[in-house]
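Asker: Any chance you can model this:
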Amino acid sequence: MNRVAVAKELIKTAKELLAIRFTMDRNFYVPRNRDVKTEEYPELGLVIYTYEQNGAPYGVAFAGKGNKPLWNYRFVNEEQRRRRIEETIDGRKRHQEYKEQLRKERQEYRHTLKEGDILVSSWGYDQTNVDFYQVIAVGEKSVKIREIGSKMVKSAQGADYVVADKNAFKGPPLLRRVGKGDSVTIDSSSSAYKWDGKPKYETALGWGH
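Answerer: As a prediction, the model looks like this:
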């Protein structure tokens, strides 16, 4: 292993050790020398700890598996603390209901894409790139697509306008789940949607960053 590789490995190890050192678990926020009461709501993924200190009510709330509190407050009185707890419980219930609604919509959604449809993806930072994809097979909740070429139909200063070149395949088949609105996630930075047949703008060659 050369010196550069060794240096990189040492830096990586140091960062990992620092991450471990400064990762605080829930015990950091909950005093051990107090009479701490625990309210657990497993169906909401919510845990709330309450205690008294110097005559004032305190509370700490955690959600899910996170070690960072939703809130960690000193309250004016017990009424204020209880109100905050009830608001948190109500908020988590609404959050759970929203997640369940989204899950149900995803399960029930049926796309309208069919074989031969063209999808377009516009992406890029400081410049715009356009990719086209053609649907080559259709499933109940997913499609198989392949990237295809494009043809420039108009050019202006710094801008090209392109259309899909149907059946001009240039990439391997990709199996992708279809989301709401017939959207298809290509990768972590781009999604594709059904092309409307109109020319799409992209940054001309040499004008990007």
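Asker: isn't there a strand covering Val76?
Answerer: No. Checked against DSSP: H, G, I helix; E, B strand; the rest coil, Val76 lies outside a strand; its state is coil.
Asker: Can you tell me how far the most centrally placed residue in the chain is from Trp123?
Answerer: The centroid of the chain falls nearest to Ser188 when counting by CA atoms, centre = their mean (8.9 Å). According to CB to CB, to the nearest Å, Ser188 stands 11 Å off from Trp123. (Glycine included, C-beta is placed from N, CA and C.)
Asker: what does Gly179 give?
Answerer: 16 Å.
Asker: How about Lys37?
Answerer: Taking CB to CB, one finds Lys37 at 51 Å from Trp123.
Asker: Just the mean pLDDT for the host helix or strand of Tyr133, thanks.
Answerer: Using DSSP states H and E, the element containing Tyr133 is strand 129-138. Strand 129-138 carries an average pLDDT of 96.
Asker: Please apply the same query to stretch 77-88.
Answerer: Mean predicted confidence for stretch 77-88 is 97.
Asker: same deal with stretch 97-117?
Answerer: 91.
Asker: domain ranges for the protein?
Answerer: 22-108, 118-203 (automatic domain parsing).
Asker: Just name the most buried of those.
Answerer: Neighbour counts (mean count of other CB atoms under 10 Å) averaged over each of these peak at domain 118-203, with a mean of 15.
Asker: Now the terminal residues of that one, how far apart.
Answerer: Domain 118-203 stretches 21 Å from its first residue to its last (CA to CA, to the nearest Å).
Asker: Need phi/psi at Ile43.
Answerer: One correction, residue 43 is Glu, not Ile. phi -70, psi -20 (degrees, to the nearest 10).
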